[in-house]
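S.K.: Next comes the sequence, and after it the predicted model I'd like to discuss.
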Amino acid sequence: MTARVVAVHLQAEHRFSKDTMPAIDLVAGRGVRGDAHCGVTVQHRSRVARDPTQPNLRQVHLMHAELFAELAAAGLHVEPGQLGENITTEGLALLDLGAGTVLRVGPRALVQVTGLRNPCAQIEAFKPGLLAAVLDKSPGGVLVRKAGIMGIVLESGPVSTGDAIAVQSVPARHAPLQPV
């Protein structure tokens with residue numbers, strides 16, 4: 001299966017879920033034009049409270065649609081955009097990518113993977129049982145966060161539903177994703 005964009009989302013205000021759009025614009029060094037998390041420095045409210053000068057490593061949130069099927073099988077029905085992602089993907093094992101991997105999303109945009117989204121209590125407030133469902137343990141007992149990945153925009157470009165996603169480059173040495 002070719003990796004593709006299932007849906008795109010943005011929200012101008014700081015809300016948990018994002019509105020589904022026909023297309024979004026990724027802006028180099030900033031994120032999704034018109035989204036509350038767009039900016040050179042951190043825009044996540046709790047992180048701004050700690051240090052507003054931090055670089056924004058969470059400009060774009062990507063979530064794999066395969067997670068929604070897994071959640072539905074557990075009786076938790078979630079639609080694209082409801083978990084706050086900007087880009088819902090299909091056919092790409094996002095959680096297996098390494099930090100620094102560069103993705104071509106759509107015809108021109110480049111997104112560099114920075115790390116994992118760390119699911120917070122807002123997920124549980126949105127739907128009881130969801131926080132536990134997006135956390136897992138590996139066979140070795142390591143915590144696995146399944147709530148998508150974060151990235152920064154290296155090259156601007158439009159992204160629409162149905163666009164292709166391709167791995168553009170990977171670092172010479174694989175660095176497992178950590179929460180950002």
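M.R.: Okay, I see it.
S.K.: residue at max distance from the center of this structure?
M.R.: Computed with Cα atoms, centre = their mean, the maximum C-alpha offset from the centroid of the chain is found at residue 140, amounting to 25.4 Å.
S.K.: Now that one: phi and psi?
M.R.: phi -90, psi 0 (degrees, to the nearest 10).
S.K.: Only the buried residues of the helix-or-strand element of the chain with minimal mean pLDDT, if you could.
M.R.: Across the helices and strands of the chain, mean pLDDT, DSSP states H and E gives its lowest value to helix 45-50, namely a mean of 86. Within helix 45-50, the residues that count as buried by 16 or more other Cβ atoms under 10 Å are residue 47. C-beta: built from backbone N, CA, C; applies to glycine.
S.K.: next one: stretch 26-39
M.R.: In stretch 26-39, counting by 16+ other Cβ under 10 Å, buried: 26, 27, 30, 31, 32, 35, 36, 37, 38, 39.
S.K.: how far does it stretch from start to finish?
M.R.: 11 Å (Cα to Cα, to the nearest Å).
S.K.: now swap in stretch 43-56 and tell me
M.R.: Using Cα to Cα, the distance between the terminal residues of stretch 43-56 is 7 Å.
S.K.: What of stretch 60-71?
M.R.: Span of stretch 60-71 from end to end, Cα to Cα: 22 Å.
S.K.: quick one: average pLDDT of it?
M.R.: Averaged across stretch 60-71, pLDDT comes to 97.
S.K.: Other residues contacting it?
M.R.: Stretch 60-71 has contacts (Cβ atoms under 8 Å, 6 or more residues apart in numbering) with 6, 26, 31-32, 37, 77-80, 83-90, 92-95, 103, 111, 117, 130, 133-134, 146-153.
S.K.: Ok, stretch 43-56 next?
M.R.: Under Cβ under 8 Å, 6+ apart, the answer for stretch 43-56 is 14, 30, 31, 36, 37, 39, 40, 41, 42, 58, 152.
S.K.: same thing with stretch 156-174?
M.R.: Contacts for stretch 156-174 (Cβ under 8 Å, 6+ apart): 2-8, 22-28, 87, 89, 91-92, 97-110.
S.K.: Please apply the same query to stretch 112-123.
M.R.: 16, 57-58, 61, 63, 83, 95, 97-103, 130-131, 134-135, 145, 147-152, 154, 177-180.
S.K.: Check which element follows the top helix by length along the chain along the chain.
M.R.: For the chain, the longest helix by residue count, based on DSSP state H, is helix 65-73. Using DSSP states H and E, the helix or strand that follows helix 65-73 towards the C-terminus is strand 87-90.
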